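Undergrad: Pasting the sequence and the predicted model now:
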Amino acid sequence: MGHPVTTNPFIIMMINMTVVFIVLVALSFLIQLIHKIDPTKEPEEKESAPQVEEDEMQRLIKNVKDSKVVTDRDIPGEDESIPEEVIAAIVAAIARCGITGEVRAVRMVERDTTAWKSNARSNIGSSK
Amino acid sequence: MGHPVTTNPFIIMMINMTVVFIVLVALSFLIQLIHKIDPTKEPEEKESAPQVEEDEMQRLIKNVKDSKVVTDRDIPGEDESIPEEVIAAIVAAIARCGITGEVRAVRMVERDTTAWKSNARSNIGSSK
Amino acid sequence: MGHPVTTNPFIIMMINMTVVFIVLVALSFLIQLIHKIDPTKEPEEKESAPQVEEDEMQRLIKNVKDSKVVTDRDIPGEDESIPEEVIAAIVAAIARCGITGEVRAVRMVERDTTAWKSNARSNIGSSK
Amino acid sequence: MEFIDAFSVSLQSVWNDSGFSSFTVGNGIMILVGLILLYMAFVKEFEPLLLGPIAFGCILANFPNTDFFGEEMNVMKAINFGITYEIFPPLIFLGIGAMTDFGPLLARPWTLLLGAAAQIGVFVALAGAMIVGFDVKEAAAIGIIGGADGPTSIYLSIKLAPHLLGAIAVAAYTYMSLVPMIQPPIMKLLTSQKEREVVMTELRTVTKFERVVFPIVATIFISLLLPPITALLGMLMLGNLFRESGVTDRLSDTAQNSLCNIVTIFLATGTGMTMNAKDFLVPETLLIICLGLIAFMGGTAGGVLLGKVMCRATGWKINPLIGSAGVSAVPMAARVSQLVGMKAKPGNYLLMHAMGPNVAGVIGTAVAAGTMLAMLK
Amino acid sequence: MEFIDAFSVSLQSVWNDSGFSSFTVGNGIMILVGLILLYMAFVKEFEPLLLGPIAFGCILANFPNTDFFGEEMNVMKAINFGITYEIFPPLIFLGIGAMTDFGPLLARPWTLLLGAAAQIGVFVALAGAMIVGFDVKEAAAIGIIGGADGPTSIYLSIKLAPHLLGAIAVAAYTYMSLVPMIQPPIMKLLTSQKEREVVMTELRTVTKFERVVFPIVATIFISLLLPPITALLGMLMLGNLFRESGVTDRLSDTAQNSLCNIVTIFLATGTGMTMNAKDFLVPETLLIICLGLIAFMGGTAGGVLLGKVMCRATGWKINPLIGSAGVSAVPMAARVSQLVGMKAKPGNYLLMHAMGPNVAGVIGTAVAAGTMLAMLK
Amino acid sequence: MEFIDAFSVSLQSVWNDSGFSSFTVGNGIMILVGLILLYMAFVKEFEPLLLGPIAFGCILANFPNTDFFGEEMNVMKAINFGITYEIFPPLIFLGIGAMTDFGPLLARPWTLLLGAAAQIGVFVALAGAMIVGFDVKEAAAIGIIGGADGPTSIYLSIKLAPHLLGAIAVAAYTYMSLVPMIQPPIMKLLTSQKEREVVMTELRTVTKFERVVFPIVATIFISLLLPPITALLGMLMLGNLFRESGVTDRLSDTAQNSLCNIVTIFLATGTGMTMNAKDFLVPETLLIICLGLIAFMGGTAGGVLLGKVMCRATGWKINPLIGSAGVSAVPMAARVSQLVGMKAKPGNYLLMHAMGPNVAGVIGTAVAAGTMLAMLK
Ligand code: NA
Ligand code: NA
Ligand code: NA
């Protein structure tokens, strides 16, 4: 296995840092590549939706609070007592996406804009 | 341990097949024996109930869909998205058994026609 | 390791018994010590509440049956089919504590008479 | 006629390697024992969660030629590993700790004495076992049946007398199920009507501080005094901390449910699989069953008698019936106190008062086991 | 220029120790195989719960220099331990037992014969495998693909031909997913319209007594006759007892869910990790895939043909379409019987009737595996 | 007076074998450390799910004569086995993968750079540790505290400096809890009011294709480049596949809940049990705590500074406050970005934007750990 070729802390630090940056930059290009070859993406994405007013946002916050479905998907590792700011933020994000009617639709949009069938689920029983 | 006494594939196949059939036939007789010695079975089983009409069956299907209890018992390894044909089949089976009133009763009938007490359940806490 | 210094069953019995009593008596004093140093205990505890009448108790029993929260805390290892006598007993205990209005409050009282914050709960996600 | 020859030779070979050809009378009797235990577990509902898999394990262990305990590792040997090295009992205790409410004990710390007195049965049975010829380690393992704590009994048996594990586990769980039959006559015999009618005052409120500090202090004190029991008692108290801390509900829930159930399946099946004819079909098994009953009766009597003493000492403020709950068998023994109390005086609710000695009995039995390990191992 | 030197030497060293430097064509092909399997699992939804982790395990196993199978223990080696020593398949069977309703089988015990007939495919493939040059142990492991029971296939492969494990597991789960495509043509070919239209009478009620006694009796009988299959069959029946006893719901639930899922993750990932280029990228893999298909088709045909015999023997009271469900692949094969029956005659509900042969097929395959182990091991 | 003699000898023997007789000052201090950690976990609520069992494990490990780490296997040694051989951290990462939504990262791939920049703290601490006298392996294990990923820190410590495991784990989890106190001053110091007020445009929709393909591609690329981190990173991505495939919800649920909780109990308790006085009560522990803080502060600064660069480079479209989330500590660091942003400009919701760097930090730390393992092991 590799042995450190130097004992200079600064050089070790720089080498490691460089490798990390190279790997993550490369990964970032891979993500863009995935996006490019994505056969399921919509050909033309609509540009920024109009801002929603504050009142409407308040109403949305209320809606989101009533439906747990959205939040358990959007915030990793958050399963209870979602702070208000989180909800507010999600609603803001949603609102700016132009989806003002049905908040639960967020998940639907994410999931269903694919060509894959996603409603037929197997189970262990059938996967014996 | 046993060593194959022949290398003729056809003979090995026949021997194995024979053993499997002997074992499963014997098991089938054991099941009939269990049924015979069953002290909890009803002395006289009623003969085939009258056919139910199609309309009634439609109503039953609806009932079954509303109650999950029946299905989670009757179809092994099926815990979500029960296809319509399955429900239809169960209802058909139930309907022919002559149980037309209360669909949830299927489980009850299965469970409660025994002499055993089945309502007092223990728990790990008490089973320390 | 220790070797038995005698083979007289009676002596072995007495020695063991003595050790067990000493340990548990000491533990009992430790519990009293904990109570004494408890910085969160109320300075003056109210003395025995008035007895509640039988009618009121019947009402309470019904209330308790409707709310599972109390019982899952008060009876260890009891998670289904709580016998009537248990419920009755809990209600009796509660009733004598003078809490007649809101039965669910039992847990609240136990939990919340501390100075600690108990509503902000972490989760594994954030505890990575 | 190659086919006929090969056929009959093969069939003969399958038969020779089958369990039928090497089936012994002992196997037959043990399978029968397993069936009886299954009946007790599923029909009579004697601790079905434990006795069920124990019984099935007993049946599995008595099929010849399964090679479960040969040299090669397999699923049954892996389960046995968790038994032999006492890995499972502490994990069950983690779950029990998360299920246990020490509140009633903390509200009345002197009920620990009732939990101590109920261990008298353990030591009576220990002495009895020595008198009838068991060596002191075996006697200790037998005595602990009277503690009415399955995992503690299994833990001590593995450490002191592994060849008795099956009989001790079966006796312990059977008698725990029989508590509602064993205890009431003794309780009535030893108490007067007046004593049974004593009404107890309500328990004081226990703070979260007390609930959280108690398991920590108890762990430190008992573990320092009796190190051999730390694995068991530490896990009990860690589970209780998960419950009481208020901020580790995820862990408490897992300790009580999925982890506890998984380990229960393995512990019970594995315990059953130690029940081979050689160890179980001996006169000692009958003796163990008798001594176990003595232990249970002794424990009940010990608890009730100290209850009577306390009753007088406190000026009739203690109902002696709660003493019998000190054998543990949580929460059944406490319910028995309640039922006998109600029969003596309708409306005399003893359950919450009996929960104190009841959980004290769990600690008492762990301490008794630790004491015996410290002196004997 | 210490920095530049150190930098390039270090980078060189990282590259030399990286997987890129020792990547082989075999690795590349196996990663591609893994990606294809992932596609089948997640997009085509072929048994995604099993094929998904198998595929990912296959990819993981083909990165060079990960040292997963070096001398030192690590998480992947620990998982592999559970595969190599057949610890996981019996635990999966515990869960499957808790999910299985033997009711339809108990109501019509002779459907066990259909479960036996569907094993014909197993033995046809065994013979075929021997003819194309596999040795008898390999042939047995290949044949069992036709049993359409994943854990049984994996169990037998590990015992008889561990180097074929990956190919056999992949073939077994793939064909199980393809049951709705493989079976209908064979079923239609072998049956007449009149046969497909047979309406069956309702199943009789099965008592709790029968449900509880059956797994016990079956365990005793089969384990005594075929000890090598006891670990698998015993666990199946223990799980079923948890389900049917009515007093061990906690254990039944855990066996079906948390325990089963945990073991599934490990079993499937670990199975995938046995798929190294050396064992998998051989012509034998293609043969195994062909033989697996023959086994499935043979099993389907065997079941249907015996169904036809029964149909006549009972005076047209048996619909031969339920015979194909005898390959197991619970509950998919039973649904296929239902669908083909409905197409022949709308309203002809065969599902519950097909569940009998369907669960019989699980027992049949276990018995076939036990027979082969008894004769070959 | 046999009785009195035997009695006093026995009592003496119990005392001699007790923990009191061989209790050291070191044990006392470590138990006190455990109590302080319990206080932090349960009262201050610093990562109670991890610090709680770590603290209790620390207390358990410091009772003398428990024989937990003797030759014979027992439950504590079995747990320790899972630590020593790095079995638990990858299983936790499986659960974390199933909890993680890489969507925000996929929508803005260049946020990976912020996740890389936040690793600066790791390497600053590495250099600092070497300067104050740690050898290079110890320095790497200490530096990784700045990665704010518990399992990665534990994994690397076990591999490179097992004697520092306790101190490193405690420092990592403590600082992760303190993120809301450590980060805001640094963020405010390094950013102008105008920068903090930058409003970011909405994230684009991410397709299921991207969500499923990303974990596969990332696993292949990183594992080939840095094989030593495959066990950890592969499990993270397998868990994420369970989540995103849409057809393996059962496995995703188990990976996140029962499996993750069980392993958390074992990992945390076992980590605590490595905290013996000999390794922990050394001046190095204080240094580690100081270096850990430097690492966290360095990481925060690194993320924010690169955020500032990006802010200018994109024409004020990036709010530099999201850079600090690159230290990971999911999702707390992202919430801190949100809070500081809201204070600068009410209604400026940064949370979803900060989730990208936040999950990028998890990958960044795994890559940093892999790099250090590749160079040092
Ligand atoms: Na006890
Ligand atoms: Na089959
Ligand atoms: Na990080």
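TA: That came in fine, so what should we check first? The structure displayed is predicted, hence computed values, not measured ones. Ligands and ions are numbered 1, 2, ... in the order given.
Undergrad: Rounded mean pLDDT for stretch D:70-87, please.
TA: Taken as a whole, stretch D:70-87 has a mean pLDDT of 92.
Undergrad: Oh, that last question was meant for stretch D:102-122, not what I typed.
TA: 94.
Undergrad: Next one: that stretch, is it in contact with chain B?
TA: No - for stretch D:102-122, no contact with chain B is found by Cβ under 8 Å from any Cβ of the partner chain; the gap never falls below 14.1 Å. Glycine gets a C-beta too; all of them are placed from N, C-alpha and C.
Undergrad: is chain F contacted by that stretch?
TA: No - residues of stretch D:102-122 contacting chain F under Cβ under 8 Å from any Cβ: none, with a closest distance of 15.8 Å.
Undergrad: List the buried residues of that stretch.
TA: D:102-122 (16 or more other Cβ atoms under 10 Å in any protein chain shown).
Undergrad: What's the end-to-end length of it?
TA: With Cα to Cα, to the nearest Å as the measure, stretch D:102-122 spans 23 Å from end to end.
Undergrad: okay, now A:Ile31: neighbour count?
TA: Neighbours of A:Ile31 under the rule other Cβ atoms under 10 Å in any protein chain shown: 23.
Undergrad: swap in D:Gly315?
TA: Quick note: D:Gly315 (other Cβ under 10 Å) scores 7 neighbours.
Undergrad: Next: D:Lys194.
TA: So D:Lys194, with other Cβ under 10 Å, has 10 neighbours.
Undergrad: Then the one 10 residues further on?
TA: D:Arg204: 14 surrounding residues under other Cβ under 10 Å.
Undergrad: Tell me the secondary structure at it.
TA: In the three-state summary, D:Arg204 is assigned as coil, counting by DSSP: H, G, I helix; E, B strand; the rest coil.
Undergrad: how near is it to D:Leu106?
TA: Noted for D:Arg204: a distance of 9 Å to D:Leu106, by Cβ to Cβ, to the nearest Å.
Undergrad: which residues touch the closest residue to chain F within the stretch 1-150 of chain D?
TA: Of the stretch 1-150 of chain D, the residue with the smallest distance to chain F, taken as Cβ to the nearest Cβ, is D:Tyr85 at 4.0 Å. Each residue near D:Tyr85 by Cβ atoms under 8 Å, 6 or more residues apart in numbering or on different chains is listed here: F:Glu72, F:Met73, F:Asn74, F:Val75, F:Ala78.
Undergrad: List buried residues within the residues you listed.
TA: Buried among the contacts of D:Tyr85 by 16+ other Cβ under 10 Å: F:Asn74, F:Val75, F:Ala78.
Undergrad: with those residues in mind, which one is nearest to E:Trp15?
TA: Set against E:Trp15, the nearest of the buried ones among the contacts of D:Tyr85 by Cβ to Cβ is F:Ala78 (39.3 Å).
Undergrad: quick one, what contacts the closest one?
TA: Per Cβ under 8 Å, 6+ apart, neighbours of F:Ala78: D:Tyr85, D:Ile87.
Undergrad: Might you list the low-confidence residue ranges for chain A?
TA: For chain A, the stretches with pLDDT under 70 are A:1-5, A:43-128.
Undergrad: if we go to 90?
TA: A:1-16, A:40-128 (pLDDT under 90).
Undergrad: any weak-confidence spans in the stretch 251-377 of chain D?
TA: D:276-279, D:315, D:328-332, D:347-348, D:374-377.
Undergrad: just checking, D:Glu284 touches D:His163?
TA: No - assessed by Cβ atoms under 8 Å, D:Glu284 is found out of contact with D:His163, at 9.3 Å.
Undergrad: So these two - more neighbours on which side?
TA: Set D:Glu284 next to D:His163 and count neighbours by other Cβ under 10 Å: D:Glu284 wins out with 20 against 16.
Undergrad: The buried residues of stretch D:102-122 also near chain C: which ones?
TA: D:Gly103, D:Leu105, D:Leu106, D:Pro109, D:Trp110, D:Leu112, D:Leu113, D:Gly115, D:Ala116, D:Gln119, D:Ile120, D:Val122.
Undergrad: Out of these, which sit inside strands?
TA: Mapping these onto strands (DSSP state E) picks out no residues; all lie outside.
Undergrad: Closest one of the residues you listed to D:Leu37?
TA: D:Val122 (23.8 Å).
Undergrad: show me the contacts for that closest one.
TA: With Cβ under 8 Å, 6+ apart, D:Val122 has these contacts: C:Asn16, D:Gly143, D:Ile144, D:Ile145, D:Gly146, D:Gly147, D:Ala295, D:Gly298, D:Gly299, D:Thr365, D:Ala368.
Undergrad: Hmm, the first one is touching D:Ala125, no?
TA: Spelled out, that is C:Asn16. No - in this structure C:Asn16 lies outside contact range of D:Ala125 using Cβ under 8 Å: 11.5 Å.
Undergrad: In terms of neighbours, single out the busier of the two.
TA: The residue with more neighbours, out of C:Asn16 and D:Ala125, is D:Ala125; 30 against 26, by other Cβ under 10 Å.
Undergrad: And for the more buried one, nearest residue in space, chain neighbours not counted?
TA: Nearest in space to D:Ala125, with sequence neighbours left out and distances taken as Cβ to Cβ, 6 or more residues apart in numbering or on different chains, is D:Ala295 at 3.5 Å.
Undergrad: Any residue of the helix or strand where the one you found lies touching ligand 1?
TA: Assessed by DSSP states H and E, D:Ala295 sits inside helix D:283-313. No - if you take Cβ under 5 Å from the ion as the test, helix D:283-313 misses ligand 1, and the best it gets is 7.6 Å.
Undergrad: Tell me the first helix or strand C-terminal of that helix.
TA: Following helix D:283-313 in sequence, per DSSP H and E, is helix D:332-344.
Undergrad: Pull the distance from that following helix to the chain's centre.
TA: How far helix D:332-344 lies from its chain's middle: 21 Å, per Cα atoms, centre = their mean, to the nearest Å.
Undergrad: which regions of the stretch 101-250 of chain D sit below the pLDDT cut-off?
TA: In the stretch 101-250 of chain D (pLDDT under 90), the answer is D:177, D:201-204.
Undergrad: Which residue does it have closest to ligand 1?
TA: Residue nearest to ligand 1 within the stretch 101-250 of chain D (Cβ to the ion): D:Gly147, separated by 4.0 Å.
Undergrad: what's around the spatially closest residue to that residue that is not a sequence neighbour, how many residues?
TA: Closest residue to D:Gly147 apart from its sequence neighbours, by Cβ to Cβ, 6+ apart: D:Thr365 at 3.2 Å. Neighbours of D:Thr365 under the rule other Cβ under 10 Å: 30.
Undergrad: Could you double-check that D:Val362 lies in contact with D:Thr100?
TA: Yes - using Cβ under 8 Å, D:Val362 is in contact with D:Thr100, at 7.1 Å.
Undergrad: ok so, going back, tell me the contacts of the residue nearest to D:Ala125?
TA: D:Gly121, D:Val122, D:Val124, D:Ala125, D:Ile142, D:Gly143, D:Ile145, D:Gly146, D:Gly147.
Undergrad: Go again with 10 Å.
TA: Counting by Cβ atoms under 10 Å, 6 or more residues apart in numbering or on different chains, D:Ala295 touches D:119-126, D:128-129, D:142-148, D:171-172, D:175, D:288, D:327.
Undergrad: Out of these, which end up buried?
TA: Taking 16+ other Cβ under 10 Å as the criterion, what is buried in the contacts of D:Ala295 is D:119-126, D:128-129, D:142-148, D:171-172, D:175, D:288, D:327.
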